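> Got a predicted model here, sequence first, then my questions.
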Amino acid sequence: YQRRVHGDVVLFIREIVEKQPALREEVLAKLSSLFSSISNPKVLRTTLWLFGVHCHTHEEVQRTLHTIKQAVGPFPLNPADKAIVPTSAKTESNGETNTDTSSASNQGTTSRVSGIAVREDGSYVTTLTESSPVVSADSGEVPLRTLLATGDFFLASIMSSALTKLVMKLFSLEVSQHEKLHTKHEVMEIMQEVLKLGTISSPSIDDDSQERIQLCISVLRHMDSAISTTLLERSLKAFSELVRDTATKEEDPDSTQKSFTPADSTIHFTQLTRGRARLLEEESGVEDVQLATSNQSLNKKSDFVSRLNRVMQLTGFSDPVYAEATVIVHQFDILLDLLIVNQTSETMQNLTVELATVGDLKLCERPQNYTLAPYEQINIKANIKVSSTETGIIFGNIIYDLASAANERNCVILNDIHIDIMDYITPATCTPVQFCSMWAEFEWENKVNVNTEIKSLREFLDHIIKNTNMKCLTSESCLEGDCDFLSANLYAKSSFGEDALANISIERQPEGKIEGFVRIRSKTQGIALSLGNKITLKQKG
């Protein structure tokens, strides 16, 4: 918990430094004085990024370079090396330096924690989690050196990038050539030592970190290259755009607007009304029901055209009984408005519409008997309760008697009504930290292979967003430009408060075909499977 709080605090500091330029100098000086005591790897990475981006003056650059070199310590760097304690941090008693060798040797090691998790079916499973190496600042060691020696090469790549930016800024200042070359040599020596450590440590340095450090060395060798300008300017520009996009979303009234219902408003219970009172309620009270449920899916224009789009034919035109249903989806229930037409010249007696459901759907009423004269029609209402976000099926039949054959029961099978999960899914927003936390917490995942005829990566992303009612959390600035790879996070909430997460990772092959995966995660199995089936059906374009 403390590590997560530390990470949130340093992210807040990073945003404050961007939004309040007047505080940068003071914040950077404070971080520089506390740098040798920071033991959280995430905090160290963010602090190094701040140093590389926001240090501009000669005094700030030299102070930061001295702080990082002192934290790295003398060479060589050895695996599981004990960090060298600065002279000012040592405490002497009776002429001897007090150190705890046993505790120092254990700092930074990765520990495995076992636990028992309970699955949804009630079974137990043992889980193993590895905790990242965190060095206690109270042990008298310099955390940065210990983390480097224990194999945190991602931190080493961030440090190399920050050192490269500082040297590039030093070369842009009016200082002596000797100072520039001397500082450049020292920084390159640190990077070479990290690469040497990566070859002898276990596990060895990963390819990404090695490539990043080698790139930094190459930039320092060729200071006038175009990549040096990109490394120095684009990083801050990208973060500034991210901050502006976040502020724009927070100020957008549409993203924060919520529907409210007065406490003294009337609540209509359609199951408790009968006859003419029920018809009047359905005609005049539908708007109140919509406001009470606060369901965005019902806030669309309920005109005649939209109502026709929800009409489903249940029987054929040549059947004795013609039936069609208008499906009206509320937040927690479904209203079926059935139209029954007697297409024969005989009177139908004891006509009953028997319905059944598959999934988390439940009928609220018992079927009633009706009598239909020749060519007469009748409207029947059926309420179905919905208990979870899952694709459901409603099926049934119509049973009736004819006056000419009193002892014979006639039956007409109805077509199935498939309830679309999209009626319960609405776009929503969350912070990147919340998305990552839910992604790690949710256990149900559905991985869908991308198989589409669409050639544009952005067009495919927009197509998935349109057909899943999800909101893209990835900022617009990250999706701009022409690239052969695209990755985006999507988020939505159901009417029942369930969270639906999705990650799209797609790549355009040389022949133009798009390949990749869409991974869906949720807390319940139903929403993950239903969204996966929806994407599989709609991804063709």
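Thanks, I have it. Numbers count the residues shown, from 1 in each chain.
> which one is L48 nearest to, not counting chain neighbours?
Excluding the flanking residues, the one nearest L48 by CB to CB, 6 or more residues apart in numbering is A162, at 4.2 Å. Glycine gets a C-beta too; all of them are placed from N, C-alpha and C.
> same thing with Q377?
V341 is the one closest to Q377 (CB to CB, 6+ apart), at 4.3 Å.
> The one you found looks like it's in a helix, true?
No. Counting by DSSP: H, G, I helix; E, B strand; the rest coil, V341 is located in no helix; its state is strand.
> Touching, it and Y322? I think so.
Yes. Between V341 and Y322 there is a contact under CB atoms under 8 Å: 4.2 Å.
> Mind listing what's buried along whichever strand or helix holds I465?
Per DSSP states H and E: I465 is located in helix 457-468. Applying a neighbour-count criterion of 16 or more other CB atoms under 10 Å, one finds L457, F460, L461, H463, I464, I465, T468 buried in helix 457-468.
> Show residues contacting whichever helix or strand comes after it.
Downstream of helix 457-468, the next assigned helix or strand under DSSP H and E is strand 471-472. Applying CB atoms under 8 Å, 6 or more residues apart in numbering, the contact partners of strand 471-472 are P427, A428, T429, L461, I465, L479, A488, N489, L490, Y491, A492.
> and with 10 Å instead?
For strand 471-472, contacts defined as CB atoms under 10 Å, 6 or more residues apart in numbering pick out 255, 426-430, 461-462, 464-465, 478-479, 488-493, 502, 504.
> Which neighbours in the sheet does that strand have, and how are they oriented?
strand 485-494 (antiparallel) (DSSP bridges).
> The helix or strand that comes right after the strand it pairs with relative to strand 485-494, how many degrees between them?
Next helix or strand after strand 485-494 toward the C-terminus (DSSP H and E): strand 499-508. Per axes from the mean of the first three to the mean of the last three CA atoms, to 10 degrees, the angle that strand 499-508 makes with strand 485-494 is 160 degrees.
> relative to helix 457-468, how tilted is strand 499-508?
Taking the same axes, to 10 degrees, one finds strand 499-508 and helix 457-468 inclined to each other by 150 degrees.
> Quick one: mean pLDDT for strand 499-508?
Mean pLDDT, computed over strand 499-508, is 90.
> For R310, list the residues it contacts.
S302, A325, T326, V327, I328, V329, D337, D423.
> Who does the residue lying closest to the fifth one once chain neighbours are set aside form a beta bridge with?
What it means is I328. What sits nearest to I328 in space, not counting adjacent residues and going by CB to CB, 6+ apart, is L335, at 4.3 Å. Beta-bridge partners for L335, by DSSP bridges, are I328, N383.
> surely L335 meets I380?
No. Applying CB atoms under 10 Å, one finds L335 not in contact with I380, separated by 11.2 Å.
> Report the separation between the residue nearest to Q377 and L414.
V341 sits 14 Å away from L414, going by CB to CB, to the nearest Å.
> Overlap of the contact sets of the two?
Counting by CB under 10 Å, 6+ apart, the shared contacts of V341 and L414 are T315, D319, V321, A323, E324.
> out of these, which are inside strands?
V321, A323, E324 (DSSP state E).
> Export those residues as JSON lines, with columns for neighbour count, pLDDT and distance to L355.
Output for these, formatted as JSON lines (neighbours: other CB atoms under 10 Å; pLDDT from 0 to 100; distance: CB to CB, whole Å):
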{"residue": "V321", "neighbour count": "24", "pLDDT": "92", "distance to L355": "15"}
{"residue": "A323", "neighbour count": "22", "pLDDT": "92", "distance to L355": "11"}
{"residue": "E324", "neighbour count": "16", "pLDDT": "91", "distance to L355": "14"}
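> Now do S494 against I527, distance only.
As judged by CB to CB, S494 and I527 stand 6 Å apart.
> Grab the nearest non-local neighbour of the residue of the chain most remote from its centre.
The outermost residue of the chain relative to its centre, with distances by CA atoms, centre = their mean, is S404 at 63.9 Å. Excluding its sequence neighbours, the residue lying closest to S404 (CB to CB, 6+ apart) is E346, at 6.0 Å.
> same deal with S39?
P143 (4.0 Å).
> number of nearby residues for that neighbour?
A count of nearby residues for P143, using other CB atoms under 10 Å, gives 27.
> That one against T47, yeah?
No. Using CB under 10 Å, P143 makes no contact with T47, being 11.4 Å away.
> where do the contact lists of those two overlap?
F35, I38, N40.
> contacting residues around the first one?
Going by CB under 10 Å, 6+ apart, F35 touches 43-44, 47-48, 51, 64, 67-68, 70-71, 142-144.
> from these, which single one is nearest I200?
Set against I200, the nearest of these by CB to CB is L144 (19.2 Å).
> Distance-wise, check that closest one relative to N451.
Relative to N451, and taking CB to CB, L144 is found at 47 Å.
> Comparing the two, which residue is more hemmed in?
L144 (28 against 11).
> Can you list the low-confidence ranges for the stretch 101-250 of the chain?
Residues of the stretch 101-250 of the chain meeting the criterion pLDDT under 70: 101-142, 225-226, 228-229, 242-243, 245-250.
> Would you state the helices of it in chain order?
Under the criterion DSSP state H, counting those that start in this stretch, the stretch 101-250 of the chain carries helices at the ranges 101-105, 143-149, 153-172, 177-200, 207-221, 226-251.
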